[in-house]
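[1] Sequence first, then the predicted structure:
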Amino acid sequence: MPTSSRSAKDFFRPLAVGAPEPLREVPARPSRAIHFFDPSNEKMAAKIPQMVGTVDVLLGNLEDAVKADSKEAARTGLVRIAQDTEGLGGPEAKTQLWTRINALDSPWVLEDLTTLIPAIGHQLDVVMVPKVQGAEDIHYVDRILAQLEARAGLDRPILVHAILETARGMANVEEICGASPRMQGLSLGPADLAADRRMKTTRVGGGHPGYLVRQDPPRDDLGVTHVDAERRTFQQDLWHYTIARMVDACAMHGIYPYYGPFGDIADTVACEDQFRNAFLLGCVGTWSLHPKQIAIANRVFSPSVEDIAHARRVVAAMGDGTGAVMLDGKMEDDASLKQCLVMVELAEQLAAIDPELARAYAAIEEA
Ligand SMILES: CC(=O)SCCNC(=O)CCNC(=O)[C@H](O)C(C)(C)COP(=O)(O)OP(=O)(O)OC[C@H]1O[C@@H](n2cnc3c(N)ncnc32)[C@H](O)[C@@H]1OP(=O)(O)O
Ligand SMILES: O=CC(=O)O
Ligand SMILES: [Mg+2]
């Protein structure tokens with residue numbers, strides 16, 4: 001049920017005369033890595049054409065991490081890169097083109113939208129909106145995109161992705177997801193969210209050694225506890241609650257959840273762990289800030305060959321899907337079958353765009 005202030009009968013009506021019809025369903029396009037680049041940075045920009053086809057999404061970032069005096073260069077740089085790069089963006093492209101616009105209260109955002117949509121709107125798949133506080137922010141972007149699409153004569157709607165990075169945005173997460181048929185997904189913004197929540201961290205995503213639980217103290221034979229004895233500690237995931245809440249809100253509205261940035265570029269091991277936690281909890285992808293994070297994201301957000309082999313065995317064993325069977329000592333029924341079908345469907349979508357994965361999944365049948 002949409003949480004828009006529009007009535008149900010108007011929910012799927014275009015918001016401007018001449019704007020394209022909103023989509024009834026968000027297309028399931030692989031987006032394991034959303035790779036960020038600063039279009040005003042010449043060295044980064046030069047790498048973009050050769051990255052097409054190797055990453056699911058290239059995102060021209062206009063917001064944080066782009067210097068204030070480079071905002072215009074980033075915007076015009078993105079237009080130039082999109083226009084000059086073959087196979088980037090649009091419904092048939094293997095590599096989607098997204099942008100992250102500046103915050104809605106910034107002096108740059110209006111120019112971001114009024115420059116990008118007329119120039120490269122036909123290539124832009126998704127506009128990522130930072131610091132979304134509630135449905136009203138999505139309604140604003142929804143209407144202005146419709147007006148710009150109509151003026152540019154676009155024949156398909158540009159989708160919207162919100163970053164969950166304020167406490168108010170978290171409190172309103174369900175209404176944000178249901179605010180418009182344009183909503184494609186949500187990403188966690190752990191850095192801004194930590195600041196807004198006044199968390200006592202100084203990092204961009206990832207864990208913290210201080211956030212832990214400790215083993216109980218040992219007791220001696222007289223029943224005395226020894227709190228000073230050596231005890232094991234277990235670091236906990238700072239982001240578990242937030243990611244799980246985001247996943248539920250997205251699933252409820254049929255849109256896609258993503259982990260966000262992992263700022264410790266050198267720590268590829270912890271990065272992979274954080275990405276995997278998000279994958280297991282239901283996220284479909286993550287951000288990549290540095291070229292070396294793309295391979296990690298592609299690996300983590302593609303089901304393993306072992307999982308697909310198992311999932312296919314369950315599907316085969318369950319026949320018409322009803323009843324219960326034993327497989328390798330474990331009970332399988334309708335509910336585990338549905339989990340396996342999620343994995344098998346994802347594998348099929350990924351195999352369609354990734355020949356290496358297609359070969360790996362096909363080899364299961366032959367084995
Ligand atoms: C909290 C948030 O909002 S997160 C989102 C915003 N932040 C971002 O988008 C950050 C994007 N990434 C970056 O700015 C950079 O990767 C940094 C600053 C983290 C590291 O940059 P560098 O110190 O240049 O990294 P490094 O030296 O390892 O780069 C190696 C090469 O890859 C290039 N490179 C680095 N990051 C990227 C990227 N994201 N895309 C394309 N190329 C890149 C560098 O230009 C360099 O090129 P060169 O070999 O021609 O010199
Ligand atoms: O924009 C991302 C964040 O973590 O903040
Ligand atoms: Mg942020």
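    Sure, I can see it. Ligands and ions are numbered 1, 2, ... in the order given.
[2] gap between the residue most central in space within the chain and Trp98?
    Centroid-nearest residue in the chain, with Cα atoms, centre = their mean: Tyr258, separated by 2.5 Å. As judged by Cβ to Cβ, to the nearest Å, Tyr258 and Trp98 stand 11 Å apart. For every residue, glycine as well, the C-beta is placed using N, CA and C.
[3] In stretch 83-98, which residues are buried?
    Judged by neighbour count using 16 or more other Cβ atoms under 10 Å, the buried positions of stretch 83-98 are Thr85, Leu88, Gly89, Gly90, Ala93, Lys94, Thr95, Gln96, Leu97, Trp98.
[4] now the end-to-end length of it.
    14 Å (Cα to Cα, to the nearest Å).
[5] Pull the residues that contact it.
    Stretch 83-98 is contacted by residues 27, 29, 31, 34, 48-49, 51-60, 81-82, 119-120, 122-128, 156, 161, 353 when judged by Cβ atoms under 8 Å, 6 or more residues apart in numbering.
[6] Which members of these are classed as buried?
    Neighbour-count burial (16+ other Cβ under 10 Å) applied to the contacts of stretch 83-98 gives 29, 31, 34, 48, 51-52, 55-60, 81-82, 119-120, 122-128, 161.
[7] now, which of the residues you listed lie close to ligand 1?
    Here nothing survives when the buried ones among the contacts of stretch 83-98 are matched to ligand 1 using Cβ under 6 Å from any ligand atom.
[8] For the chain, just list every one of the strands.
    33-37, 57-61, 96-100, 124-129, 159-164, 183-188, 212-214, 233-235, 256-258, 286-288, 325-327, 330-332 (DSSP state E).
[9] What helices and strands are in contact with the fifth one?
    Other elements packing on strand 159-164 under the criterion 3 or more Cβ pairs under 8 Å, 6 or more residues apart in numbering; DSSP states H and E are strand 124-129, helix 135-152, helix 167-171, helix 173-177, strand 183-188.
[10] Mind doing that once more with 7 Å?
    The contact analysis (3 or more Cβ pairs under 7 Å, 6 or more residues apart in numbering; DSSP states H and E) places strand 159-164 against strand 124-129, helix 135-152, strand 183-188.
[11] list residues touching both of Tyr258 and Trp98?
    Ile34 (Cβ atoms under 7 Å, 6 or more residues apart in numbering).
[12] and the closest residue to Phe301 other than its chain neighbours, what pLDDT?
    Sequence neighbours aside, Arg32 is the residue nearest to Phe301 in space, at 3.7 Å (criterion: Cβ to Cβ, 6 or more residues apart in numbering). pLDDT, Arg32: 98.
[13] next one: Glu25
    If you check Glu25, the pLDDT there is 96.
[14] next one: Ala8
    pLDDT, Ala8: 88.
[15] What is the neighbour count of it?
    9 (other Cβ atoms under 10 Å).
[16] roughly how far apart are it and ligand 1?
    36 Å (Cβ to the nearest ligand atom, to the nearest Å).
[17] Kindly report the same for Leu327.
    Between Leu327 and ligand 1 the distance is 43 Å, computed by Cβ to the nearest ligand atom.
[18] What of Val127?
    From Val127 across to ligand 1, the span is 15 Å (Cβ to the nearest ligand atom).
[19] list the contacts for that residue?
    By Cβ under 7 Å, 6+ apart, the contact list for Val127 reads Thr99, Ile101, Ile158, Val160.
[20] Please apply the same query to Val305.
    Counted by Cβ under 7 Å, 6+ apart, Val305 has contacts Ala360, Tyr361, Ile364.
[21] can you do 6 Å?
    Val305 sits next to Ala360 when contact means Cβ atoms under 6 Å, 6 or more residues apart in numbering.
[22] got the CA positions of the helix or strand of the chain with the lowest mean pLDDT in PDB?
    Lowest by mean pLDDT, DSSP states H and E among the helices and strands of the chain is helix 355-366, with a mean of 90. Listed next in PDB are the C-alpha coordinates belonging to helix 355-366 (Å, rounded to 0.1, in the frame of the first residue of the first chain):
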ATOM      1  CA  PRO A 355      29.600 -14.800 -18.700                       C
ATOM      2  CA  GLU A 356      32.100 -16.100 -16.100                       C
ATOM      3  CA  LEU A 357      29.300 -16.600 -13.600                       C
ATOM      4  CA  ALA A 358      27.100 -18.200 -16.300                       C
ATOM      5  CA  ARG A 359      29.900 -20.700 -17.000                       C
ATOM      6  CA  ALA A 360      30.300 -21.400 -13.300                       C
ATOM      7  CA  TYR A 361      26.600 -22.000 -12.700                       C
ATOM      8  CA  ALA A 362      26.300 -24.100 -15.900                       C
ATOM      9  CA  ALA A 363      29.100 -26.300 -14.800                       C
ATOM     10  CA  ILE A 364      27.000 -27.400 -11.800                       C
ATOM     11  CA  GLU A 365      24.600 -29.200 -14.100                       C
ATOM     12  CA  GLU A 366      27.500 -31.000 -15.900                       C
END
